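> With the sequence up front, the predicted model follows.
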Amino acid sequence: METQIQITCEEIAGKANARIVRFVGDLDATNVDYVTEQITNYFGDGLVKIVADFKQLRYVNSTGLGVLLHFNKSAKERGGCFKITNLNENVYEIIEIIGAASLLDIYDEISEAIAALD
Amino acid sequence: MSDNALTMEISSEWGGAEIAVLKVSGFLDFSGIAMLSRFFDKIAAGNWSYIVVDLAELEAICSAALGEFMGYRKRFVERGGSLVFAGLSGNIRSKLTLLGANKIFSFYQDVRSAINAYKWDYKKQSKSVAISFPAHLALVPPVRQFASRLVRQKGYSVKDAFRVETIVDEVCNNAVEHGIDEPGSAVDVRIAVDKEKIDITVSNKSAPDKVAVLRELTKPQAQGSNHVGTNDKRGRGLALIRMLSNDMDVNITEHGTTVHVTKLREE
């Protein structure tokens, strides 16, 4: 039984190798494998510039945070990026308190993250 | 006697020696103040300190009667107690609010809610819940979500509830990861909530030969707080718990591991 999380992918006009990926639910130890598989598949398909929309991501724990750092690193190794937007206050606190805010590319709005894509 | 004649009744069966419930029914107008005074004389003689006035069957109340209640409330507050209203109908609540009583008196949905509030506010009682679940990762989310709902129900903020949810999640995940996965092994969680703090205790069995490794892992310097690397996907849980909590104690023996975390109310 996994905690429910849904991931959907949306094209970004004029950015062939980029996608908006929307996270809905909780990201925790029960579903990090599923999420890792999904994002790794995007990378494998050449979609190396990800704008992660966390507007409906309610919860992240330390394991979830670990895979976010992993995605950030993997994307950069592939010449891409993993930009995070629309964090709720509680999730941002977890990221910040563990000292990861400076390691992740975080934006307030999706439009800002898209504008920052190379 | 008409249906809306004023009646009063004192009951002490709800809360024993400290709590009296005064049920006031019918129309409480100026003519009923003498009766009110007599009943409060009885209450004063009974040495109760916390008075719940049950207004569930009150039809009407005049401003003079409200003034009497204010005077009685003042006396009980001076004695370290209080006087509160319970079971107000929409009309009575509106009338009392219009008269400004909501700024002086606490209103409760029913007598039981008022007594629970007394135990919570005045007696500093805690609500304690124990959960035992098989050591499987998939069972951790419902436990953490339950903990969050519990502290919200006790009046803690959304932010405090989220922090408690995170603490319970991280401690339980560690218990499952480092505990023994065998039939009959369980993770035991106890959550005690009072008005000022939440105590979380999580116990699990662990293999005797892992004691030294676990002790090393749980040393604060081994957790790399504020030194987050991008390579490791795991290993930040205890550091996160330490940063979200006010006190944390880990006791590892050959019989198992017990983690105790205290989280003070912040908001």
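Received the coordinates, thanks. The structure presented is a predicted model; accordingly, all values stated were derived computationally and were not measured.

> Help me confirm that residue B:211 comes into contact with residue B:252.
Yes. The criterion here is Cβ atoms under 8 Å, and residue B:211 meets it with residue B:252 at 5.7 Å. In this view, the C-beta of every residue, glycine as well, is placed from N, C-alpha and C.

> who has more neighbours, the two?
For residue B:211 versus residue B:252, the count of surrounding residues by other Cβ atoms under 10 Å in any protein chain shown is larger for residue B:252: 20 against 16.

> Contact partners for residue 25?
No chain specified, so I'll use chain A. A:3, A:4, A:5, A:6, A:56, A:57, A:58, A:59 (Cβ atoms under 8 Å, 6 or more residues apart in numbering or on different chains).

> that's the other chain; I wanted chain B
Contacts of residue B:25 (Cβ under 8 Å, 6+ apart): B:6, B:7, B:8, B:57, B:58, B:59.

> can I assume it sits in a helix?
No. Residue B:25: not assigned to a helix; according to DSSP: H, G, I helix; E, B strand; the rest coil it is strand.

> in the stretch 151-267 of chain B, which spans are helices?
Listed in chain order, the helices of the stretch 151-267 of chain B (DSSP state H, counting those that start in this stretch) span B:158-178, B:211-217, B:237-244.

> Would you format those helices as JSON lines with mean pLDDT and distance to residue B:66 included?
Listed next are these as JSON lines, based on pLDDT from 0 to 100; distance: least, Cβ to Cβ, whole Å:
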{"stretch": "helix B:158-178", "mean pLDDT": "94", "distance to residue B:66": "35"}
{"stretch": "helix B:211-217", "mean pLDDT": "72", "distance to residue B:66": "63"}
{"stretch": "helix B:237-244", "mean pLDDT": "91", "distance to residue B:66": "46"}
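
> from memory residue B:238 sits against residue B:174, does it?
Yes. In this structure residue B:238 lies within contact range of residue B:174 using Cβ under 8 Å: 7.0 Å.

> Identify the contacts common to these two.
Common neighbours of residue B:238 and residue B:174 (Cβ under 8 Å, 6+ apart) do not exist.

> Give me the phi and psi for the residue sitting nearest the centre point of chain B.
Centroid-nearest residue in chain B: residue B:154, 3.6 Å away (criterion: Cα atoms, centre = their mean). Here is the backbone geometry of residue B:154 (degrees, to the nearest 10): phi -90, psi 10.

> Go through the contacts of residue A:25 and name the one with the lowest pLDDT.
When the contacts of residue A:25 are compared on pLDDT, residue A:3 comes out lowest, with 67.

> where does the stretch 101-250 of chain B have low pLDDT?
Where the stretch 101-250 of chain B drops to pLDDT under 70, the residues are B:181, B:208, B:219-235.

> which parts of the stretch 51-200 of chain B sit against chain A?
B:137-141, B:158-159, B:162, B:165-166, B:169-170, B:173 (Cβ under 8 Å from any Cβ of the partner chain).

> Which two of these have the greatest separation?
Farthest-apart pair in those is B:138 and B:159; separation 26.8 Å (Cβ to Cβ).

> ok so, going back, could you dump the contacts of residue A:25 into TSV and include neighbour count and secondary structure?
TSV is the format used below for the contacts of residue A:25 (neighbours: other Cβ atoms under 10 Å in any protein chain shown; DSSP: H, G, I helix; E, B strand; the rest coil):
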residue	neighbour count	secondary structure
A:3	24	coil
A:4	11	coil
A:5	22	strand
A:6	9	strand
A:56	13	strand
A:57	21	strand
A:58	17	strand
A:59	23	strand
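
> Same list (these) but as CSV, adding distance to residue B:78.
Shown next, in CSV, are the contacts of residue A:25 (distance: Cβ to Cβ, whole Å):
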residue, distance to residue B:78
A:3, 52
A:4, 54
A:5, 56
A:6, 58
A:56, 52
A:57, 52
A:58, 47
A:59, 47
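
> of all those residues, which comes closest to chain B?
residue A:3 (4.5 Å; Cβ to the nearest Cβ).

> so the closest residue to chain B within chain A is in which element?
When distances are taken as Cβ to the nearest Cβ, chain A reaches nearest to chain B at residue A:66, 3.6 Å away. Following DSSP states H and E, one finds residue A:66 within helix A:62-77.

> Likewise for residue B:91?
Using DSSP H and E, residue B:91 sits within helix B:90-98.

> Residue B:53 too?
Going by DSSP H and E, residue B:53 is part of strand B:50-54.

> Next: residue A:96.
Per DSSP H and E: helix A:89-97 holds residue A:96.

> Could you give the separation between the terminal residues of stretch B:114-127?
This stretch, stretch B:114-127, spans 16 Å end to end (Cα to Cα, to the nearest Å).

> Kindly report the same for stretch A:85-101.
Start-to-end, stretch A:85-101 (Cα to Cα) is 12 Å.

> Pretty sure residue B:53 sits against residue B:84.
Yes. Assessed by Cβ under 8 Å, residue B:53 is found in contact with residue B:84 at 7.1 Å.

> Check the secondary structure at residue 84 for me.
Let's take chain A. Residue A:84 ends up strand, using three-state DSSP.

> wrong chain, I was asking about chain B
Going by three-state DSSP: residue B:84 is strand.

> Can you give me every residue that contacts it?
Residue B:84 touches B:50, B:51, B:52, B:53, B:105, B:106, B:107, B:108, B:114, B:117, B:118, counting by Cβ under 8 Å, 6+ apart.

> Give the burial count for the first one, as a bare number.
Applying other Cβ under 10 Å, we find 24 residues neighbouring residue B:50.

> ok, now which ones touch it?
Per Cβ under 8 Å, 6+ apart, neighbours of residue B:50: B:15, B:18, B:19, B:20, B:76, B:81, B:82, B:83, B:84, B:118, B:122.

> wait, doesn't the third one sit right on residue B:48?
Yes. At 6.3 Å, residue B:19 and residue B:48 qualify as touching, with contact defined as Cβ under 8 Å.

> any residues in contact with both of the two?
Common neighbours of residue B:19 and residue B:48 (Cβ under 8 Å, 6+ apart) are residue B:12.
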